[in-house]
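Student: sequence-free structure coming up:
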């Protein structure tokens, strides 16, 4: 974009109306991505509210449905209304909301959608221009279509848990070291991104056809799409990747996840030119020039001893010192940041990776949008809604009905 373009505070998606009937992470995250760039997102909650209101984290650990950090992040830039779609009044009001919308995104189970008159096939016949995105653990067809699932189930059945940890932080024993899951909602976040991307493709498609569509998002499929290396090798090659630390699955050595003085780093020197630079950076130790480590094949054959020798060196330096050496020597060495260290880094500050918000009466930080747009930059237009905060505005003033 040219530097003289005027900033449009309303956002690139201004004029797009999104109705979200979601719970948890996947559908709310997809709607959040649209709201962050200007779409008007109306979040519909039942009388009990989104379950993330009760998950926290909470300031001082005191449960407060209006001060959940997770809910705040997932539902910023949304208007919030309360509707009980199990009642006739709630169902009819929901239909009126959808009649004026461009997008409907939901991750409620299909049986609940059908009982509320919100099944995709029903909405497609009534509202042909509406883009409908349904998120479910396994999609709407296939032998597992009716199965319930959550974050952990999607992460596990998508294959990614089995390969975690993987290259280069691998396991020594497949049975004593089980698959791992991160503390974040990784599977549902991946699904939300996939859903938001598909919605935007459908919005563009509607410009050409004048017709909406039904987007069927499977959380398992979204996770499986991240397994490019493992799926390809399983399908077309003889190599079966697993979590073991061995030269067959991990490639040329060294390629290790190693402890250092204040945390962990990856030491990757797969080519001879990298190895020569690493040896120089280590101060030319005699062992590194021996026949046991003189070639890529030799280093791979002696990878266990090589790892131990490298640990003796990395434990004398901090992650930042090793990273400085990497910058100087053009080596692929990088430290692993804790969340706090990432949040406090100068790079995150300059790029506004995190933004300051108010949570439970105190200041806190949360991630901003992952995408930077120069003419229509991300902005917090309004904070996550209190339960039913905008019911009067949306329902009474716009539709002439009560909640």
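Tutor: Thanks, I have it. The structure displayed is predicted, hence computed values, not measured ones.
Student: before we move on, what SS does residue 76 have?
Tutor: Following DSSP: H, G, I helix; E, B strand; the rest coil, residue 76 is assigned to coil.
Student: Quick one, grab the pLDDT at the closest residue to it other than its chain neighbours.
Tutor: Nearest-residue entry for residue 76: residue 384, 5.1 Å, with adjacent residues in sequence omitted and distances by CB to CB, 6 or more residues apart in numbering. Every residue, glycine included, has its C-beta placed from N, CA and C. The score at residue 384 is 93. That number is its pLDDT.
Student: cool, and residue 358?
Tutor: Residue 358 is given a pLDDT of 81.
Student: Are we agreed that it is in a helix?
Tutor: No - using three-state DSSP, the assignment for residue 358 is strand, not a helix.
Student: Residue 383 is in contact with that one, correct?
Tutor: Yes - with contact defined as CB atoms under 8 Å, residue 358 reaches residue 383; the gap is 7.4 Å.
Student: who has more neighbours, these two?
Tutor: Neighbour count, other CB atoms under 10 Å: between residue 358 and residue 383, residue 383 has more, with 15 against 11.
Student: if we can go back for a sec, mind checking which helix or strand the residue nearest to residue 76 is in?
Tutor: If you go by DSSP states H and E, residue 384 is not part of any helix or strand.
Student: how about the helices in the stretch 101-250 of the chain?
Tutor: Remark: helices of the stretch 101-250 of the chain, listed N- to C-terminal, are 110-115, 120-126, 151-157, 186-209, 219-224, 228-236, 247-250; assignment by DSSP state H, counting those that start in this stretch.
Student: hang on, the earlier thing: who's in contact with the residue nearest to residue 76?
Tutor: Residue 384 is in contact with 71, 72, 73, 74, 75, 76, 78, 80, counting by CB atoms under 8 Å, 6 or more residues apart in numbering.
Student: Nearest to residue 92, out of the helices of the stretch 101-250 of the chain?
Tutor: helix 120-126 (12.5 Å; CB to CB).
Student: Show the model's pLDDT score for residue 247.
Tutor: Here the pLDDT value assigned to residue 247 is 58.
Student: The chain should start at 29 in everything you say after this.
Tutor: Renumbered: residue one is now 29, and that last one reads residue 275.
Student: Flag every buried residue along stretch 69-78.
Tutor: For stretch 69-78, burial by neighbour count (16 or more other CB atoms under 10 Å) applies to 69, 70, 71, 72, 73, 74, 77, 78.
Student: Report the beta-bridge partner residues of the second one.
Tutor: This means residue 70. Beta-bridge pairing for residue 70 (DSSP bridges): residue 47, residue 107.
Student: Report whether the expected contact of it with residue 105 is present.
Tutor: No - with contact defined as CB under 8 Å, residue 70 does not count as touching residue 105 (11.4 Å).
Student: quick one: contacts of stretch 304-320?
Tutor: By CB under 8 Å, 6+ apart, stretch 304-320 touches 282, 295, 297, 321, 326-327, 330, 333, 337, 341, 353, 356-359.
Student: Keep only those of those that are in strands.
Tutor: Using DSSP state E, the members of these that fall in strands are residue 295.
Student: from the contacts of stretch 304-320, which single one is nearest residue 204?
Tutor: Nearest to residue 204 among the contacts of stretch 304-320, with distances taken as CB to CB, is residue 333, at 22.1 Å.
Student: start to end distance for stretch 361-380?
Tutor: 25 Å (CA to CA, to the nearest Å).
Student: Mind listing what's buried along that stretch?
Tutor: Residues 361, 363, 376 are the ones in stretch 361-380 that count as buried (16+ other CB under 10 Å).
Student: Adding secondary structure, write those residues out as JSON lines.
Tutor: JSON lines is the format used below for the buried residues of stretch 361-380 (three-state DSSP):
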{"residue": "361", "secondary structure": "strand"}
{"residue": "363", "secondary structure": "strand"}
{"residue": "376", "secondary structure": "helix"}
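Student: Closest to residue 179 out of these?
Tutor: residue 376 (25.5 Å).
Student: these two touch, right, the closest one and residue 370?
Tutor: Yes - between residue 376 and residue 370 there is a contact at 6.1 Å, judged by CB under 8 Å.
Student: Now for this structure, the helix or strand with the poorest mean pLDDT.
Tutor: helix 275-278 (a mean of 55; mean pLDDT, DSSP states H and E).
Student: and the next element down the chain from it?
Tutor: Under the assignment DSSP H and E, the closest C-terminal helix or strand after helix 275-278 is strand 283-288.
Student: Need the residues that contact that next one.
Tutor: Contacts of strand 283-288 (CB under 8 Å, 6+ apart): 193, 195-198, 292-298, 335, 338-339, 342-343, 345-347, 350, 363-364.
Student: Relative to residue 52, which of the helices of the stretch 129-278 of the chain is closest?
Tutor: Closest approach to residue 52 among the helices of the stretch 129-278 of the chain (CB to CB): helix 214-237, 6.4 Å.
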